[in-house]
Structure formats: C-alpha cells, structure tokens
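Peer 1: build the 3D model from these lines:
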Amino acid sequence: MYVMMRRVLFVLICCWILIVETSAQNLTVKEMQATNDLSASQYRRLDGNGSPCALIKVQLATDGTTFEGNLVGSADYKAGEYWVYMPKGAQELMVKHPKYNLLQVSFADYGLADGLESLVTYTLTIVLPIVEKALQKQTLTVNYTPKQATVYIDSKPYHANGYLKLELPIGSHNYLIEAGGFETIEGSVNLTAKAPRTLTENLSPAWQDVETDSGNGTLVEMTPSLMNQMGDDYCWGRNGKTQNYVEAVKWYYKAAGYGHGRAQYNLGDMYYFGHGVTRDEYEANKWFRKALETSKRLADLGDVEGQYNMGLMCRKGHGVELDYVKAAEWYTMSANQNYAPAQYDLALAYEYGWGLVQDKEQAKRLYKLAADQGYEKASNALKRLEGKLTGCVVVNTEGVEAYNRGKDYYGGLHGKPKNYAEAAKCFRESGENGYGRAMLDLGGMYGWGVGVSRDKEEEARCYIKAFELCSKAAEQGDNDSMCCLGELYKDGKGVDSDKDKAFLWFVRAAEQGDPRGQSWVGWCYEHGNGTYTDYAEAFQWYNKSAVQGDVNGQYGLGVAYMNGHGVLQDLDKARTWLLKAANQGDSIAKAILRKM
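Peer 2: As a prediction, this is how the structure comes out:
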C-alpha cells in the first residue's frame, strides 16, 4: 500500500511538472484595440479587390514569429513589432513561433464582432511566458562618433555623448545612428543570454568641401539650401539641367544629411512617387517624419522655412494628417514674415477656399506680395487671376478670343450654330497667336477628320506645335498648359509617350488648384497611369475637381460612388454627380444614367 501511494504521488508530480512546462510555452494576449495611429492609411496596402486593408501592429518581444489567416501580403518586422495587413471583416489571426504553442486570436473576443475595419490600425500586445521573460535581459553597449549623434534603438532615441549602455531583452533589435552632415548608419543586433554585445560605429561625413560651377566660370561653395535647389533643378529640368530623377535624389540626400527639412520632405516625395528610386511608402514616410521633426523644431523657433514646410505637409497629408486649416495657419505665420513661397501657397488657399473662406481679392494681394519679390509662379498666378495669362508665352488676347469662339462653334454654344469647319478655322487662328491648347484640339480634329479632311501629317504638325507652345507656357506657371503637356506625354502626341512625365505635369497643375489637373490626377490613380493604382487617392482628387465644377471630375466622382471605389458605394450620390456631368454635356454620363 505504501509503495502504491508513492507511485501515485510520483505520477501526480510528473503530471504537474508537465502541465507547468506546457503552460509556460503558451503565448497570451494582453490586449487588442483600435488606435488613432494613421499607419494603415499612410502605409496603405490593398486587398485583391482593390480595397484598403486594416493593419495590426503585433507587439511581441521576440523574432522568428509567423502568422496565418487571411493575410494580405507578408508580415513585416519593424522596430520590435510585426505589421500584419488583413482585409476588412477578417475575424481571426494565428500566431506561430517555434518555441511556443500556436496562439489563435479571435477578434470577437476583443469587442470586434464584425471583424476588422479598413484603414484602421490595431495594436495586438502578446505576452511571452514568465519563465522566458526572466531570461531576457542582456547588455548592449554602443560606442559612436560624432558625439552629438542620436542613437535610435527600436525607434527610441538616445543622446549619450558617444557612449550608450542599455539592458535590453534578448533577441533582435534594430538600431539607427544619425547626425546632421553625416551619413546615417542603420542595422540590427542580436542579443543572446551568453554574453554582452558591443557596437562601435563611426559616421562618415555626408558631403565634404562641395563646390560647383555657378554657370559664370566661378566656383561656389555649396550650402544645404543650394544642394536642395540643385535637386529641384534636376527633378524639374530647370536652370540648364536635364531632368534626371536619380541625380535629383543624390542631391536631396546630400542636403538631407545636413538636416535640411525641405530636402528631407523632397526625398519623401521621391520615394512616394517612385521617382529615381524604387517606390517605397515606408521609406517615404520615414523621410516625411524626419522632415516633420526638423520643420516643427524650426517653426517653433519662428523660422519662416520651417513654418512653410509645416504648412506644406499639412496640406498634402505627408507625415501628418491632412488638414487644410492647420496648413493655412502655418502658411500665414510664414507669409507674415514676408516669405514669398508661403505668400504664394496662402494665396492659393484663399483663391480655392482650402481651409479658409474663399477670397480672391486677398489671393491677389498675396500673389502680388510674392511677385514683388521676384517669385515667378506668383507673377503668373496673378496674371491668371486677372485674366491676363492665356497659356501663351506672350499674353495675346486675340488668341484666347479665337479659341473661345472655336469652342462655341464646336459645341453650338452661346448663340453660335454648331459648325466644325468654323471651329477648326478659329483654333488655327488661336494657335497662330500662340495658344497651345488650340493646337492640341486642332490636332484632334485632323486625326478624326472632324471639320477638316483627315490628315495624319497635319495632325502631327499640330501636336508638335502644341508641345512647343505648351512647354514654354507651362514653365511660366500656366496650369492649362501643364495639363496640355500631361495629355501630350500621356498619348505620345508631339513627343514620345512618357506616363511618368504625364503624371508629373498633371500633379503640378493639380497642386495649384487647377480642376482639370485634379481630375487627371484622379484618373491616373484610378488607372495606374504613371503611378500606382489607388482608388482612395483617386476619389480624393476627383472630389477636389468636381466641387470646382469640372465635368471630368464630376464624372469620375460619380463612377467612384457607383462602383464603391475608394469610398462606400452610394448610388444616390453617384446619380447626383453623374447628372451634374451629364448637364455639362458628358455623353457617357448620360448613357450610364439611362441604365441606372
């Protein structure tokens, strides 16, 4: 009997040890909740239907984890957490690690009965077993120069005057070391229980003794602002430079290395659009955040360029949430210090009512203040607002009047009978007076044989002339000519087809508030022309265009509501906007309405 009791007790103890060891291998969920984090929107990923995903940031202090379920793409490990994208309505996630038992996370257990929502960022905090946590501390020492550098360990900044010593959990940790004027170093280090780790990193100067020929035979020492300007020249093909995105990126990097906020922002733009680099939203937003930190610090000190950059980021929603009201506030601070670019952008806000009550007289006043400082874009905007800039290099009211007569004859408007032959004559007269848009339209008439005999050679001559006229006027800041250039590049008329350049010219016009340019940008995002396909982005641009009365914007917005592209499907709103387009003569909108 005594022997039997000892055997039973031994079995019970073994079972208890087994249970303890098994439970020690279980991962547990501490919490899961929706957040105000904008990462799901800023680092957007689309599911197979083109709809934006939800993002779960899985906070788990160990590497080697994998995930199963209805994932969209692979999970990314970023600074101590995993980013997992899932479609709207997803209900559960499986978490796997070779050291631990499988963890099944049902979202309904955390108040998400309907599953995940699109464009929402969630945090899922997973706790390691207690036994494992007790073994997780190890020492990491970082020796670095220059001493003023900032060291980031798993995105947390440290300033330690050249010597940093930390106790960290064992496992993989990301680090980044940066200082103005020096190349950034980044990497990862794996801490084990066996021994402490020491890193020694010496940053190299980002750019030394930079000099460049100023164009008149003299050498000029470069400053970060001049480096950024050189990047702009290569980006846009200005001041004698041939457009070269790769070269532009190099110069932006040089200026950004010195902590130049606008260069950091420009780098973000290049990564965002994939110009000169592989498109990378994560890298783009990293640079937008750097620009935000730099610009905010300077803006708070009253720096005019820092204030202007803050306005720019608020207006575009880069690095911060899009907010026209805050953008206008920052522009105002900078403009009040007589900074011409801020005066120009603030004038745009007044002209189009972006975050302000629309006031064209105030817009004129601000354009004039910037123009008086030699800011060319403001000079052209002032002429446009006063009705004096017509799309030609030298203002010629006869060209505009002839073009408007041609449009009336073409459409049978304003009391004119529909007469294609007369329209063609008017467009020819307008083009001879330097109006590029007229030559573009005339080329189309020759291509289709409308009002004139079909003539491919004459069509080509018209497009070449249109490209010549519009190129000069677009550089002067004329929005309509920018749109014309975009159309010519898009279709390869008068110039070799180049979708990237087409998109760039549409964006330039759109960002100055031009409704035609905005509708074209929406179209590019909808169809992936010169950029990536993004229905949500397309919807935003169509909306900006439509509310200004552009027929193409109204049509695009109506179709977006009809198909639920980039917005919840709403057939009533679809009919409203398609009807507006139809009332302006859009035949496709009329056909769709007949079938709805």
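Peer 1: is the residue nearest to the spatial centre of the chain within a helix or a strand, and which one?
Peer 2: The centre of the chain sits closest to Tyr272, judged by Cα atoms, centre = their mean, with a distance of 5.0 Å. Here Tyr272 sits within helix 261-273, counting by DSSP states H and E.
Peer 1: on that earlier part again, residues in contact with the residue nearest to the centre of the chain?
Peer 2: Contacts for Tyr272 were tallied using Cβ atoms under 8 Å, 6 or more residues apart in numbering; they are Arg279, Glu281, Ala284, His318. C-betas here are computed from N, CA, C, even on glycine.
Peer 1: apply 7 Å and report the result again.
Peer 2: Applying Cβ atoms under 7 Å, 6 or more residues apart in numbering, we find Tyr272 in contact with Glu281, Ala284.
Peer 1: also Ala40?
Peer 2: Contacts of Ala40 (Cβ under 7 Å, 6+ apart): Ala54, Leu55, Leu119, Val120, Thr121.
Peer 1: look up how far Lys425 lies from the residue nearest to the first one when sequence neighbours are not counted.
Peer 2: If you skip the residues right next to it in sequence, Ala54 has Leu116 as its closest partner in space, 3.8 Å away by Cβ to Cβ, 6 or more residues apart in numbering. Remark: distance between Leu116 and Lys425 (Cβ to Cβ, to the nearest Å) = 61 Å.
Peer 1: model confidence over stretch 335-344, on average?
Peer 2: For stretch 335-344, the mean pLDDT works out to 91.
Peer 1: rewinding a little: now the contacts of Ala40 as CSV including neighbour count?
Peer 2: Shown next, in CSV, are these (neighbours: other Cβ atoms under 10 Å):
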residue, neighbour count
Ala54, 26
Leu55, 27
Leu119, 17
Val120, 19
Thr121, 19
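Peer 1: ok, those residues vs Thr150, which is closest?
Peer 2: Distance to Thr150, by Cβ to Cβ, is smallest for Thr121 among the contacts of Ala40, at 25.7 Å.
Peer 1: distance across stretch 177-184, terminal residue to terminal residue?
Peer 2: End-to-end distance for stretch 177-184, by Cα to Cα, to the nearest Å: 6 Å.
Peer 1: from the chain's centroid, how far away is it?
Peer 2: Put simply, stretch 177-184 sits 25 Å off its chain's centre (Cα atoms, centre = their mean, to the nearest Å).
Peer 1: so for Leu116 and Lys425, which residue has more residues nearby?
Peer 2: A direct count of neighbours by other Cβ atoms under 10 Å for Leu116 and Lys425 places Leu116 higher, at 23 against 18.
Peer 1: tell me the secondary structure for the more buried one?
Peer 2: Following DSSP: H, G, I helix; E, B strand; the rest coil, Leu116 is assigned to coil.
Peer 1: do you know the pLDDT at it?
Peer 2: pLDDT recorded at Leu116 is 92.
Peer 1: the one 4 residues further on now?
Peer 2: As predicted, Val120 sits at a pLDDT of 87.
Peer 1: can you check the one 4 residues further on too?
Peer 2: Model confidence at Leu124, expressed as pLDDT, equals 91.
Peer 1: circling back: show me which of the contacts of Ala40 is closest to Ala108.
Peer 2: Nearest to Ala108 among the contacts of Ala40, with distances taken as Cβ to Cβ, is Ala54, at 14.7 Å.
Peer 1: pop the domain breakdown of this structure in here.
Peer 2: 28-129, 135-202, 224-385, 394-497, 499-596 (automatic domain parsing).
Peer 1: run a quick neighbour tally on Lys326.
Peer 2: Neighbour tally, Lys326, other Cβ under 10 Å: 17.
Peer 1: what segments of the stretch 51-200 of the chain are strands?
Peer 2: Counting by DSSP state E, counting those that start in this stretch, the stretch 51-200 of the chain has strands at residues 54-59, 66-69, 76-78, 81-86, 92-97, 100-106, 121-127, 137-145, 150-153, 156-158, 163-169, 171-178, 185-191, 197-202.
Peer 1: what's the least confident stretch among those strands?
Peer 2: Mean pLDDT per stretch puts strand 76-78 lowest among these, at a mean of 75.
Peer 1: contact partners of that one?
Peer 2: Residues from elsewhere that reach strand 76-78 (Cβ under 7 Å, 6+ apart): Asp63, Trp83.
Peer 1: note down every partner strand of that strand and its orientation.
Peer 2: strand 81-86 (antiparallel) (DSSP bridges).
Peer 1: quick one: low-confidence parts of the protein?
Peer 2: Counting by pLDDT under 70, the chain shows low-confidence ranges at 1-24, 42, 61, 79-80, 130-135, 180-181, 205-221, 384-397.
Peer 1: same thing but 50
Peer 2: Scanning the chain for pLDDT under 50 picks out the ranges 1-3, 5-6, 8-24, 131-134, 207-219, 388-395.
Peer 1: hmm, back to that, what's the helix or strand just after the helix holding Tyr272 packed up against?
Peer 2: The first helix or strand that comes after helix 261-273 along the chain, using DSSP H and E, is helix 281-300. Other elements packing on helix 281-300 under the criterion 3 or more Cβ pairs under 7 Å, 6 or more residues apart in numbering; DSSP states H and E are helix 261-273, helix 304-316.
Peer 1: quick one, the first one and helix 281-300 angle?
Peer 2: So the one you mean is helix 261-273. When axes from the mean of the first three to the mean of the last three Cα atoms, to 10 degrees is applied, the directions of helix 261-273 and helix 281-300 differ by 160 degrees.
Peer 1: same thing with the last one?
Peer 2: On the basis of the same axes, to 10 degrees, helix 304-316 is oriented at 140 degrees to helix 281-300.
Peer 1: what sits up against helix 304-316?
Peer 2: With contact meaning Cβ under 7 Å, 6+ apart, helix 304-316 is reached by 261-262, 265, 288, 291-292, 295-296, 298-299, 319-320, 322-324, 326-327, 330-331, 333-334, 337, 339, 341-342, 345.
Peer 1: can I get it in PDB, CA atoms only?
Peer 2: Presented in PDB, the C-alpha positions along helix 304-316 are these (Å, rounded to 0.1, in the frame of the first residue of the first chain):
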ATOM      1  CA  VAL A 304      10.000  81.000 -41.900                       C
ATOM      2  CA  GLU A 305      11.000  78.000 -44.000                       C
ATOM      3  CA  GLY A 306      10.200  75.600 -41.100                       C
ATOM      4  CA  GLN A 307       6.700  77.200 -40.800                       C
ATOM      5  CA  TYR A 308       6.200  76.900 -44.600                       C
ATOM      6  CA  ASN A 309       7.300  73.200 -44.600                       C
ATOM      7  CA  MET A 310       4.800  72.500 -41.900                       C
ATOM      8  CA  GLY A 311       2.000  74.100 -44.000                       C
ATOM      9  CA  LEU A 312       3.100  72.100 -47.000                       C
ATOM     10  CA  MET A 313       3.000  68.800 -45.100                       C
ATOM     11  CA  CYS A 314      -0.400  69.600 -43.500                       C
ATOM     12  CA  ARG A 315      -1.800  70.500 -47.000                       C
ATOM     13  CA  LYS A 316      -0.600  67.200 -48.500                       C
END
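Peer 1: following that helix, which helix or strand shows up next?
Peer 2: helix 324-335.
Peer 1: from the chain's centre, how far out does that following helix sit?
Peer 2: 20 Å.
Peer 1: repeat for stretch 418-427
Peer 2: With Cα atoms, centre = their mean, you get 42 Å for stretch 418-427.
Peer 1: may I see the buried residues of it?
Peer 2: Neighbour-count burial for stretch 418-427, counted by 16 or more other Cβ atoms under 10 Å, picks out Asn419, Tyr420, Glu422, Ala423, Ala424, Lys425, Cys426, Phe427.
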